[in-house]
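[1] This is a predicted model, with the sequence first.
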Amino acid sequence: MSSKTANLRGALFALLAFAIFATHDVVIKYLGGSYSPFQIVFFSVLFGFPIITFLLMRDASEGNLRPRHPWWTAARTAAAVFTGIGAFFAFSSSLPLAQVYAILFAGPLLITIMAIPMLGERVGWCRGLAVLVGLGGVIVVLQPGSTDFELGHFAALGAAFTGAFASVVVRKIGREERSVVLILYPMMANFILMALALPFVYQPMPLVDIAASGVIAAMALIGTSCLILAYRHAQAVIVAPMQYSQIIWASLFGVLLFGDTLAPPTMIGTGIIIASGIYIVLREERGGTSRTTPVLRTRSRAATPSAPRVAPYLSDAQRGPHPHGPTQDKAD
């Protein structure tokens, strides 16, 4: 297979994956109109258990479930829980889907910043400027001073931050930590904490809504599988920018299904964020910059807590991160 054909196939798999993820979020927003995010998270994790159990049975690596990096594992687990709740709450809120995505797209920018103290990354002035421009795009979307901030805004911002932190932790400890540990601990934490909150927020669910919770888990698995196939066929510089296709689906679904309006500031700010994110990906793909590449192969959107959604991180953990000692940056 020629490299051009492989890249095309990888791009198509990536586009399919992110279309599935966008549809997955539509189901969350649909359920969010009637149920607490805690209840949605609980049932999505519950339905994810059989799927993730099957996947973990294929893990033939030797070892036990005791983390080799307990503090980092605990920190990532806490971050994953907050990311899931925040993302589900944001998608369940009254915010337009496109606006939620625009805020979550700040994730790669935050990863680049966090990689400096956590991975010893050196970010030159070019990428540093791109990060500042991208964060400026988030400000354009939020319009401080003219927007009445809702809890959904803060939930999305929090999910972007904690999701970025969880991603960098995986890049830091993924070489030494077993994949099953990286998957199972956040999943169990989500299940236990949501179960404790469930009696206070539970609303009876008809069969169709219970089935929708199962659809969330199934779509997460299918989308993740397509994303893994995309990275197997194509270079990261081809696949990574495809994540921004979600804004197209979000805009379409928002208008057709939820009566959203496409506010110009949201579109302008999103364009700024996407441009800076793609620039960072291109800079990292070129030789002579950071070897830790914290953005590549890491989804910019927050990973939701349905079990299969951690599979992109599992892929990173299996490969192991690049060396995370200080690296030389050529004006990056």
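    Yep, it's here.
[2] and E285, what pLDDT?
    Model confidence at E285, given as pLDDT, is 68.
[3] L151 now?
    pLDDT, L151: 92.
[4] wait, it sits on I85?
    No: L151 lies out of contact with I85 (C-beta atoms under 8 Å); the separation is 11.4 Å. No exception for glycine: its C-beta is placed from N, CA and C like everyone else's.
[5] Settle it for me: which of these two has more neighbours?
    Counting neighbours by other C-beta atoms under 10 Å for L151 and for I85 shows that I85 has the greater number, 24 against 13.
[6] Contacts only, for the nearest residue to the more buried one once chain neighbours are set aside.
    Nearest residue to I85, sequence neighbours excluded (C-beta to C-beta, 6 or more residues apart in numbering): P37, at 5.9 Å. Contacts of P37 were listed using C-beta atoms under 8 Å, 6 or more residues apart in numbering, and they are I85, F88, F89, S92.
[7] Let's see that with 10 Å instead.
    By C-beta atoms under 10 Å, 6 or more residues apart in numbering, the residues touching P37 are 28, 31, 84-93, 155, 194, 197, 201.
[8] before we move on, what about G259?
    Per C-beta under 10 Å, 6+ apart, neighbours of G259: P96.
[9] Phi and psi next, for it.
    The phi and psi torsions at G259 (degrees, to the nearest 10) take the values phi 70, psi 30.
[10] so how far is P96 from it?
    G259 sits at a distance of 9 Å from P96 (criterion: C-beta to C-beta, to the nearest Å).
[11] Repeat that for I228.
    If you go by C-beta to C-beta, the gap between I228 and P96 works out to 30 Å.
[12] more crowded one of these two?
    For I228 and P96, the more surrounded residue by other C-beta under 10 Å is P96, and the numbers stand at 22 against 17.
[13] could you list every residue that touches the more buried one?
    With C-beta under 10 Å, 6+ apart as the criterion, the residues that contact P96 are 29, 102, 152, 250-251, 254-255, 258-263, 266.
[14] still on that earlier bit, could you pick out the buried ones from the contacts of P37?
    28, 31, 84-93, 155, 194, 197 (16 or more other C-beta atoms under 10 Å).
[15] any idea which of those is closest to G137?
    When these are compared for distance to G137 (C-beta to C-beta), A90 wins out at 17.4 Å.
[16] Need the mean per-residue confidence for the longest helix belonging to the chain.
    The longest helix of the chain (DSSP state H) is helix 3-32. Helix 3-32 shows a mean pLDDT of 90 in the predicted model.
[17] try stretch 218-236
    Looking at stretch 218-236 alone, the average pLDDT works out to 85.
[18] now the host helix or strand of M188: how far from the chain's centre is it?
    Using DSSP states H and E, M188 maps to helix 179-201. Taking the mean C-alpha point of helix 179-201 and that of its whole chain, the gap between them comes to 18 Å (C-alpha atoms, centre = their mean, to the nearest Å).
[19] after that helix comes which helix or strand?
    Counting by DSSP H and E, the next helix or strand C-terminal to helix 179-201 is helix 207-233.
[20] Buried residues, that following helix. List them.
    Neighbour counts using 16+ other C-beta under 10 Å place 209, 212-224, 226-231, 233 of helix 207-233 among the buried residues.
[21] repeat for stretch 28-43
    Under the neighbour-count rule (16+ other C-beta under 10 Å), stretch 28-43 has 28-32, 35-43 buried.
[22] S213: what's it in contact with?
    The neighbourhood of S213, defined by C-beta under 10 Å, 6+ apart, consists of 27-28, 31, 35, 39-48, 205, 306.
[23] let's see 8 Å
    Listed by C-beta under 8 Å, 6+ apart, the contact set of S213 reads L31, I40, F43, S44, L46, F47, M205.
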